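Colleague: model this:
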Amino acid sequence: MSGVFRWSESMSLRWRLTLIIMISSLVAMTVAMGVFIYFDSSYFRDSLRKELGVNATIASSQVEAALLFDDAREANKILQGYGAAPHILRIVIYDAVGSVFALYHPPHLIDLAAPRHESLQMGINETERGYAYVRPIEVEGERIGWIYLESDQTELKRRQQWYIPALAGMALIFSLTGFLFSFRLQEAVSGSIGALAQLARQVSREQDYHLRAEGNYSHEIGDLYASFNAMLSQIESQNERLARHADDLARTVELRTAELKEVNENLKRELEDRRAAEESLRESERKINIALKQAVSATQVKDKFVSLVSHDLRSPLAGVLGMVEILRDETTYRLSPAERMTSLAKIHGSLSSQLELINRLLDISRLQSGNIEIHKRFLEGRPLVMSQFERVEMFAQRKGIHLVNDVPADTRLLADPILYAEVIYNLVNNSVKFCAAGDTIRVYLPDDRPHTLAVSDTGPGIAAPFAPNLFRHDIRTTGRGSAGETGTGLGLPYCHDIMRAHGGALTVKSQEGEGATFYVTLPTSRMSVLVVEDIPLHRTLIARLVEMIGDIEVREAEDGVEALERLKEYRPDLIVTDLLLPRMDGYAFIERIRSNPQYDDIPIIVVSGGGEGEEAEVDGHMRERVFTLGANDFVSKPLTPDDFIPRARRFLHPV
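Modeller: Numbers count the residues shown, from 1 in each chain. Alright, predicted model coming up:
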């Protein structure tokens, strides 16, 4: 039974006693009410069954004539008269062979169909909705049909629903009465125990074990008081002994703690020093191993590279030296003027090749050492390719090779204009070198790769042994061209280094005998615009107009001074500036931009002025001055999309 009241353990004794008395009363009352409801419901169900049998008997007698004369219409009319009885769900009349003769159900229960005659059981049966009564219809001992009458338990449910408020009211009255009586009755028990509990709280709060419980009780509560006072006396005596022992123990612990603390600090410092030394040693060993591996690898590559280059430098120089000795010794070697010119031409060719080799070596060295910096800017793809075609056009025409530029006119690439052009030139020049008459060299933009140019040719392709090592410095992969042309073998490694410095890649796809395609891939880039305007609303308007062009990053500055600081952080593709700015106006800002070689090629659109009459004249002076300073365009305020966007689009092409 204690488990039932476990949830009330947080209550005071007074309220627990009150609760126990009230619950006992409510349980008794609930049992009594439950018995009453049970018997009342049973009686009502019996009455309902009897009424159902009477209604079935009456309905049977009413439809006898209709059954005899096979008048279903009259039977249905009779059954409709039972619509006044709301508890009747359906009445079904079956003829002598079990077919449905007449059917009634309330209008709101149109889904109730007649049950099958074979499934009916005579007498009263329970259904899902209530009760059903089945009986035969007989005339002078002859069965002419059956009647099925079903009713619900609406009245019973309504009666039971009425019980709820009635019983709830009675429960409330009994609860209030029980509460008043129980509240008074519990005082006899809880008062003395409450006084003892209050004293216990005082002792616990004040730690005063001299206090004692006072009271003259002869029953169990008196024993409780006496036991409590005896416990306080024992605790008081034990506390005195514990206090003396605690003082001695505290002094001992204090001494030992100080000693252990000192030892622990020494061990901790020693451990930290050892860990730091071990970590430093491991890090040093790791760096040394990495550096050693890199040094060994670099030395091996360097040795192979130096060996190759030394041979390329030494062999031609030896030939040049021999030719010079022949030209100097006119006594031994009597050369005709034509032979002398031929020898000089060979010397010139050899020295030119050596100069190209030395220049290529210097370019590779400067690129790898960081002495050549990448200065990216947006380039027009088609004109760039056309300019490289022009460099090899005479060579290609002489060999009968077709050059095709299929790069779209609106292609823009973010790259260093000099170094990127050098890559395209080297690839096109290599293709011309190895192609023969009738071959085609085509530069195009591959599908779904807007940052890649492809240089493709229909030449002999790349031999399988050479393909994996095309971009290595330490392995010679060059060969003679279709007309016997020679090369340094350093062009492709140099181009590969340039693309790596761009953050991109240079790859090749080739099959021997079917040509080769080199893919020059740049990293994904996003165009940006710097808006210089001191009025926030105007800055926002310009930014929105720029964003209408495409996915373009917009950065802002309030004046020329702040804009120059922004340019130290990044390089925009377009500057849009006002003229009337604080600290540094637009004129001074444009002049500073055009005087700096790092930014002098950035397009500038001036946004200012606007008006009629004298204002228009001032506007004209502004235009003339900014164009003189180097601005690329001038747009008058107020800005409109139709005016601003086409002008800005000339310098912006999102990629």
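
Colleague: can you give me the helices in the stretch 501-650 of the chain?
Modeller: Using DSSP state H, counting those that start in this stretch, the helices assigned to the stretch 501-650 of the chain run over residues 536-547, 560-569, 586-594, 614-629, 641-649.

Colleague: pick the most deeply packed of those.
Modeller: Between the helices of the stretch 501-650 of the chain, helix 586-594 has the highest mean count of neighbours, a mean of 20, where neighbours are mean count of other C-beta atoms under 10 Å. Any C-beta I mention is one placed from the backbone N, CA and C, and that applies to glycine too.

Colleague: run the chain-centre distance for that one.
Modeller: 43 Å (C-alpha atoms, centre = their mean, to the nearest Å).

Colleague: need the contact partners of it.
Modeller: Identification of contacts with helix 586-594 by C-beta atoms under 8 Å, 6 or more residues apart in numbering yields 532, 559-560, 563-564, 567, 575, 577-581, 584, 599-600, 602, 604, 606, 608, 625-626, 629-631.

Colleague: let me know the pLDDT of the closest residue in space to Ser510 that isn't next to it in sequence.
Modeller: If you skip the residues right next to it in sequence, Ser510 has Ala516 as its closest partner in space, 3.6 Å away by C-beta to C-beta, 6 or more residues apart in numbering. pLDDT recorded at Ala516 is 87.

Colleague: over to Ala543?
Modeller: 91.

Colleague: partner residues bridging the closest residue to it other than its chain neighbours?
Modeller: Counting by C-beta to C-beta, 6+ apart, Ala543 lies nearest to Val554, which is 4.4 Å off, once chain neighbours are set aside. The bridge-partner assignment for Val554, based on DSSP bridges, gives Val529.

Colleague: how near is Val554 to Lys568?
Modeller: When C-beta to C-beta, to the nearest Å is the yardstick, Val554 and Lys568 sit 18 Å from each other.

Colleague: quick one: the helices in the chain, in order.
Modeller: All helices of the chain, identified by DSSP state H, fall at 13-68, 72-80, 154-185, 187-206, 220-328, 337-369, 381-399, 417-434, 491-501, 536-547, 560-569, 586-594, 614-629, 641-649.

Colleague: least reliable of the ones you listed going by mean pLDDT?
Modeller: What stands lowest among the helices of the chain, in mean pLDDT terms, is helix 337-369, with a mean of 58.

Colleague: centroid residue for the chain?
Modeller: Among the residues of the chain, Asp551 comes closest to the average C-alpha position under C-alpha atoms, centre = their mean, at 20.6 Å.

Colleague: go ahead and confirm that one touches Thr524.
Modeller: No. Asp551 is not in contact with Thr524 according to C-beta atoms under 8 Å; the separation is 11.1 Å.

Colleague: one step back: so which of the helices of the stretch 501-650 of the chain comes closest to Arg412?
Modeller: For the helices of the stretch 501-650 of the chain, proximity to Arg412 was assessed by C-beta to C-beta; helix 641-649 is nearest, at 11.8 Å.

Colleague: what packs against that closest one?
Modeller: helix 536-547, strand 604-608, strand 633-636 (3 or more C-beta pairs under 8 Å, 6 or more residues apart in numbering; DSSP states H and E).

Colleague: and those as JSON lines, adding distance to Glu51?
Modeller: Shown next, in JSON lines, are the helices and strands packed on helix 641-649 (distance: least, C-beta to C-beta, whole Å):
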{"stretch": "helix 536-547", "distance to Glu51": "83"}
{"stretch": "strand 604-608", "distance to Glu51": "96"}
{"stretch": "strand 633-636", "distance to Glu51": "96"}
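
Colleague: tell me which of the ones you listed approaches Ala437 most closely.
Modeller: If you check each of the helices and strands packed on helix 641-649 against Ala437 by C-beta to C-beta, strand 633-636 wins as the nearest, at 48.3 Å.

Colleague: for that closest one, name the packing helices and strands.
Modeller: Contacts defined by 3+ C-beta pairs under 8 Å, 6+ apart place strand 633-636 against strand 604-608, helix 614-629, helix 641-649.

Colleague: ok, now how distant is Pro86 from Ile462?
Modeller: Separation of Pro86 from Ile462 (C-beta to C-beta): 98 Å.

Colleague: please disregard the earlier target; I meant Met499.
Modeller: 18 Å.

Colleague: now swap in Val508 and tell me
Modeller: 7 Å.

Colleague: ok, these two, which is more surrounded?
Modeller: The neighbour count for Val508 versus Ile462, taken as other C-beta atoms under 10 Å, is higher for Ile462 (20 against 16).

Colleague: which ones are touching that one?
Modeller: The contact partners of Ile462, taken as C-beta under 8 Å, 6+ apart, are Leu470, Val508, Ser510, Glu512, Ala516.

Colleague: check these and tell me the two furthest apart.
Modeller: Comparing every pair within those by C-beta to C-beta identifies Leu470 and Glu512 as the most remote, at 13.3 Å.

Colleague: tell me which of the two has more neighbours.
Modeller: A side-by-side neighbour count of Leu470 and Glu512, using other C-beta under 10 Å, places Leu470 first with 21 against 14.

Colleague: tell me the one of the contacts of Ile462 nearest Leu344?
Modeller: The shortest gap between Leu344 and any of the contacts of Ile462 belongs to Leu470, at 35.3 Å (C-beta to C-beta).

Colleague: on that earlier part again, a markdown table please, covering the helices and strands packed on strand 633-636 and showing distance to Ile93.
Modeller: Rendered in a markdown table, the data for these read as follows (distance: least, C-beta to C-beta, whole Å):
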| stretch | distance to Ile93 |
| --- | --- |
| strand 604-608 | 95 |
| helix 614-629 | 102 |
| helix 641-649 | 84 |
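
Colleague: out of the ones you listed, nearest to Glu262?
Modeller: Smallest distance to Glu262 across those (C-beta to C-beta): 72.8 Å, for strand 604-608.

Colleague: give the pairing partners of that closest one; include direction for each.
Modeller: Those paired with strand 604-608 in the sheet (DSSP bridges) are strand 574-577 (parallel), strand 633-636 (parallel).
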